[in-house]
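K.L.:
Could you look at this predicted model? Sequence included:
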Amino acid sequence: MEYINKKIKYPLYSSRAFDMYFHGMDIGVLDIETTGLSPKNSAFILGGLVTPEEDGLNAEQFFAESPAHEHETLSEFWKTASSKDILITFNGQHFDLPFMKERAGGMIDSFPYHLDLYQVVKKFSPIRKFLPNLKQKTIEDFLGLWQYRKDEISGGESVELYYRYLNGKNQDIKEKILLHNHDDIVQLYRLLKVLEKTEIHKAMFHMGFPVKSPAPAAPYLIIEKIDIKSDQLRITGRQHRDPAEYQAYEYNGNMCFINFNKADLRFSIDMPLISHSEMTLLDLEAFGFAGSELDKYPACQEGFLILEDRGETNYLEINHFVKLLIERMIKQWITDR
């Protein structure tokens, strides 16, 4: 196995919406190279990871010098990638992550929170309607990022080059493979700006988002589903690190069922809602959130948060409330106990 590490001067991405969900979290932008699409018949040959740091980007690559080094290379790559709070990929939901899991042979049992930019654009962006396709390079071109890319090969050509490299160990061939992967991960970090052309709050509502307490040994939670019914708000997800065991049947004196299960790493929260005049409301005052950050939203009125109004869902406000609620619960009931 060969490990390659490069520092890149590049301004870090930031936006109000992105920072609301991911500020202060350790981010890894991930892309892999393989000898084919099927993990049953193909091998992992190269893993690339870009991490934003204070002075720019840190690009790491783990290269299998031969098929005999696949397990060692994948193991070292996953050790680094799994330490991140968030993994960002392009179509990693259907390729990178399941491919690695199967090739790892039981070594990978769970993933950190995963943000798949391809899925966000495909499901929650209007640009999908006028672009010829949603390939990474097509979106790069749309955003004016093409000039940053130096490699000129495709993923398929990378496979062919790898087999040629195995036959002769030609360093120029290896450099082309590494450059292709390097440009993919760095460009993917630059591609974060495409989130500004998506309905990001709607995407996070449906795809989930992480909640991490700054306190040491506090649970790191991944919200997977938010359900709104006429009389109940239900939040469910998994505990990824430092799981807690906790149950409660009230919150701030109000009926509310909270269950953190350490055995199966799941958690759920059920809270009562109010239906009134085609609106679904949450009583912020009753749950101790009056005068909070939520007051800035027009959907917050007279101590109530309007979750739905005549069929329209206030995704930003719901997500923000869920994030604040869970952060407060972790602090009050777990880290401060």
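P.N.:
Looks like it arrived, so ask away.

K.L.:
so where do the helices sit in the stretch 1-150 of the chain?
P.N.:
16-22, 70-81, 96-104, 117-124, 136-142 (DSSP state H, counting those that start in this stretch).

K.L.:
Quick check: next helix or strand after the worst-scoring helix or strand of the chain on mean pLDDT?
P.N.:
Between all helices and strands in the chain, the lowest mean by mean pLDDT, DSSP states H and E belongs to helix 155-168, at a mean of 88. Once helix 155-168 ends, the next helix or strand along the chain (criterion: DSSP states H and E) is helix 171-190.

K.L.:
now for that following helix, which elements pack on it?
P.N.:
Contact here means 3 or more C-beta pairs under 8 Å, 6 or more residues apart in numbering; DSSP states H and E; on that basis helix 171-190 packs against strand 2-8, strand 27-34, strand 44-53, strand 56-63, strand 86-89, helix 136-142, helix 155-168. Glycine gets a C-beta too; all of them are placed from N, C-alpha and C.

K.L.:
Return the alpha-carbon coordinates of the longest one using CSV.
P.N.:
In other words, helix 155-168. The C-alpha trace of helix 155-168 is given here as CSV (Å, rounded to 0.1, in the frame of the first residue of the first chain):
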residue,chain,number,x,y,z
GLY,A,155,-13.3,6.1,-14.4
GLY,A,156,-13.3,3.4,-17.1
GLU,A,157,-9.9,4.5,-18.4
SER,A,158,-8.6,4.5,-14.8
VAL,A,159,-9.4,0.8,-14.6
GLU,A,160,-7.5,0.1,-17.9
LEU,A,161,-4.5,2.1,-16.6
TYR,A,162,-4.4,0.1,-13.4
TYR,A,163,-4.1,-3.2,-15.2
ARG,A,164,-1.4,-1.7,-17.3
TYR,A,165,0.4,-0.5,-14.2
LEU,A,166,0.2,-4.0,-12.7
ASN,A,167,2.0,-5.4,-15.7
GLY,A,168,4.9,-2.9,-15.7
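
K.L.:
picking that back up, now the helices and strands packed on helix 171-190 as JSON lines including distance to V120 and mean neighbour count?
P.N.:
As requested, the helices and strands packed on helix 171-190 are exported to JSON lines (distance: least, C-beta to C-beta, whole Å; neighbours: other C-beta atoms under 10 Å):
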{"stretch": "strand 2-8", "distance to V120": "24", "mean neighbour count": "12"}
{"stretch": "strand 27-34", "distance to V120": "14", "mean neighbour count": "25"}
{"stretch": "strand 44-53", "distance to V120": "18", "mean neighbour count": "23"}
{"stretch": "strand 56-63", "distance to V120": "21", "mean neighbour count": "20"}
{"stretch": "strand 86-89", "distance to V120": "10", "mean neighbour count": "22"}
{"stretch": "helix 136-142", "distance to V120": "11", "mean neighbour count": "18"}
{"stretch": "helix 155-168", "distance to V120": "21", "mean neighbour count": "15"}
